[in-house]
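K.L.:
sequence and computational prediction follow.
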Amino acid sequence: MRSRPYLVALAALAGLGALVGWVSRDDGLPDFRLFAAAGHAILSGRWGQVYDDPTVQAGPFALLLAALCDRLGGVTFVCMVGIPLATLAAALATRLLRHGLRRPRSRGLELAAAAVTLAWESALGAVLGGHVAQGLIPMLWVGTGLAVLRRRPQLAGWLLALSTGFEVWGALGVPLLLLGTRRDAVRGLAVTTAGAVALYLPFTLAGPFRMFDYQWVVTPGSLPARVGLFGDGLPWWARCAQAALAVGAGALVVRFRRDWDAVWLAPLVVVAVRLALDPQAFTYYWTPLVALGLAGVLTAPSGSPPTRVVLPVLLVGWPFLPVADGWVGLLVVTMPIAAVLTRPGAPVTRAFQAGNDCHSSGRFRPVGVAHSGLRRSG
């Protein structure tokens, strides 16, 4: 009986999400038709035509998902079903995360996650923006980090490969592989590389693969616009340089912290650096920040810096960041990052201690990494 108010509240949020989707159906999913057409080409076996248009920058899984939704009802279907599903998925992900970390279940946190997701999606988030992967990839990255801590590098590699199947930038989660031993990191990277090549190689062999011919329009106020080097458009090589800086920043976080916080904080830094250097600023670009910030809040002990700092930024600051100057946005994002980096390491739960070493302060160290003061935990 005690769960009835919880279920009623969850159903009400989902129903409100469907209403928001119906109202927004005429304004949402700007790239849906483009992705759906490419997805239909995959389903019909015309693989050589999938990436003959440089504007198709999504991965094959995202294209197939768009084609499936198109057959089920198109834009109206995605808007009216996608937002409620995202709302319910946020509550479910919260439960699974806390269960995996041996944290007590909290219906209040589950409802809070659903409410924040609904509010964000109503402001043209990943669903209405037509890029559902913006919300999926951060969760796959968190799963990658958990797999590394559990000493399952092959699973971590497959999760990263799955991320690249939705969007190419899904590969930017690679710093999480550094949470494990050097051997596990090599194994995970090998699996990720093999999976990503297997996903995109058939399209490169079947016909013209023009994804890398695309150039992004540089909007005024962005860093590339201020540098003034890309007046005619940002090419792919500049995107690769941007990715290298983002991955390097994430690797530094992993180097600095080897505990649970790194699982969500390293991807948060990767996404923040990527956004700061981006030539454009669509609202749905900020969805990964919201998702990863939620992951940090929902798994943090009560009263810890992520709870005290990240949650207010999530609820107050981030919805306004896409319309602000990019560097102002990055400054706000650094608040929770600095709060976590400067605090003592969070304890690693018993679920992750099997087969690993743990410093007396609770900071995670994988087996095989020499460090003074380590002790074996059972």
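P.N.:
The structure has been received and is ready for your questions. Numbers count the residues shown, from 1 in each chain.

K.L.:
all helices for the stretch 201-350 of the chain, in order.
P.N.:
Counting by DSSP state H, counting those that start in this stretch, the stretch 201-350 of the chain has helices at residues 223-227, 236-256, 260-276, 287-299, 305, 311-312, 326-341, 350-353.

K.L.:
and the ones you listed as TSV, adding mean neighbour count, mean pLDDT and distance to residue 134?
P.N.:
Where you see a C-beta, it was placed from the backbone N, CA and C, and this is true even at glycine. Output for these, formatted as TSV (neighbours: other C-beta atoms under 10 Å; pLDDT from 0 to 100; distance: least, C-beta to C-beta, whole Å):
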stretch	mean neighbour count	mean pLDDT	distance to residue 134
helix 223-227	15	78	21
helix 236-256	17	91	15
helix 260-276	25	84	10
helix 287-299	26	79	4
helix 305	19	56	26
helix 311-312	16	54	21
helix 326-341	18	56	16
helix 350-353	16	40	28
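
K.L.:
which of those sits closest to residue 68?
P.N.:
helix 287-299 (20.8 Å; C-beta to C-beta).

K.L.:
could you say what helices and strands the closest one packs with?
P.N.:
helix 74-100, helix 107-122, helix 133-149, helix 260-276, helix 326-341 (3 or more C-beta pairs under 8 Å, 6 or more residues apart in numbering; DSSP states H and E).

K.L.:
residue 190: which of these is closest?
P.N.:
That would be helix 133-149 among the helices and strands packed on helix 287-299, by C-beta to C-beta, at 14.1 Å.

K.L.:
and that closest one with helix 236-256, angle?
P.N.:
Interaxial angle, helix 133-149 versus helix 236-256 (axes from the mean of the first three to the mean of the last three C-alpha atoms, to 10 degrees): 40 degrees.

K.L.:
quick one: mean pLDDT over helix 133-149.
P.N.:
When pLDDT is averaged over helix 133-149, the result is 88.

K.L.:
tell me how far that helix is from the chain's mean position?
P.N.:
Distance of helix 133-149 from the chain centroid (C-alpha atoms, centre = their mean, to the nearest Å) equals 7 Å.

K.L.:
pull out the buried positions in it.
P.N.:
Across helix 133-149, burial judged by 16 or more other C-beta atoms under 10 Å covers 133-149.

K.L.:
low-confidence ranges in the stretch 1-150 of the chain?
P.N.:
1-2, 27-28, 100-101, 124 (pLDDT under 70).

K.L.:
sorry, back to before: of all the helices and strands packed on helix 287-299, which lies closest to residue 33?
P.N.:
helix 74-100 (8.5 Å).

K.L.:
distance between the closest one and the chain's centre?
P.N.:
That offset, for helix 74-100, works out to 14 Å (C-alpha atoms, centre = their mean).

K.L.:
now do it against helix 133-149, angle only.
P.N.:
Using the same axes, to 10 degrees: helix 74-100 against helix 133-149 is 20 degrees.

K.L.:
and the angle from helix 74-100 to helix 287-299?
P.N.:
Here the directions of helix 74-100 and helix 287-299 differ by 30 degrees (the same axes, to 10 degrees).

K.L.:
now do helix 74-100: which elements does it pack against?
P.N.:
Short answer (3+ C-beta pairs under 8 Å, 6+ apart): helix 74-100 packs on helix 4-23, helix 32-43, helix 60-72, helix 107-122, helix 133-149, helix 287-299.

K.L.:
in TSV, list those helices along with distance to residue 238.
P.N.:
Below are these laid out as TSV (distance: least, C-beta to C-beta, whole Å):
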stretch	distance to residue 238
helix 4-23	36
helix 32-43	23
helix 60-72	23
helix 107-122	29
helix 133-149	21
helix 287-299	20
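
K.L.:
relative to residue 264, which of these is closest?
P.N.:
helix 287-299 (4.3 Å).

K.L.:
and the closest residue in space to residue 14 that isn't next to it in sequence, what does it touch?
P.N.:
Beyond its immediate neighbours in the sequence, the residue positioned closest to residue 14 (C-beta to C-beta, 6 or more residues apart in numbering) is residue 84, lying 4.0 Å away. Residue 84 makes contact with 14-15, 17-18, 21, according to C-beta atoms under 8 Å, 6 or more residues apart in numbering.

K.L.:
run a quick neighbour tally on residue 9.
P.N.:
Residue 9 is flanked by 17 other residues according to other C-beta atoms under 10 Å.

K.L.:
excluding its backbone neighbours, what's nearest it?
P.N.:
Nearest to residue 9 is residue 111, by C-beta to C-beta, 6+ apart, at 5.6 Å.

K.L.:
I'd say the one you found and residue 8 touch.
P.N.:
No - contact status for residue 111 versus residue 8: not in contact, 10.6 Å apart, counting by C-beta atoms under 8 Å.

K.L.:
coming back round to it: so how far is residue 6 from the residue nearest to residue 9?
P.N.:
7 Å (C-beta to C-beta, to the nearest Å).

K.L.:
return the distance of the spatially most central residue of the chain relative to residue 29.
P.N.:
Taking C-alpha atoms, centre = their mean, the centroid of the chain lies closest to residue 138, which sits 1.9 Å from it. Plainly put, residue 138 is 20 Å away from residue 29 if you go by C-beta to C-beta.

K.L.:
and residue 151, by the same measure?
P.N.:
40 Å.

K.L.:
dump stretch 267-283 to CSV, keeping only the CA atoms.
P.N.:
Extracted in CSV, the C-alpha atoms of stretch 267-283 (Å, rounded to 0.1, in the frame of the first residue of the first chain):
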residue,chain,number,x,y,z
PRO,A,267,32.5,11.8,-18.3
LEU,A,268,31.1,15.1,-17.0
VAL,A,269,34.4,16.8,-17.5
VAL,A,270,34.7,15.2,-21.0
VAL,A,271,31.3,16.6,-22.0
ALA,A,272,32.0,20.0,-20.4
VAL,A,273,35.2,20.5,-22.3
ARG,A,274,33.5,19.3,-25.5
LEU,A,275,30.7,21.9,-25.1
ALA,A,276,33.2,24.7,-24.3
LEU,A,277,35.0,24.1,-27.5
ASP,A,278,31.9,23.4,-29.6
PRO,A,279,31.1,25.7,-32.6
GLN,A,280,27.3,25.4,-31.9
ALA,A,281,25.1,25.3,-28.8
PHE,A,282,21.9,23.4,-29.3
THR,A,283,19.8,22.9,-26.2
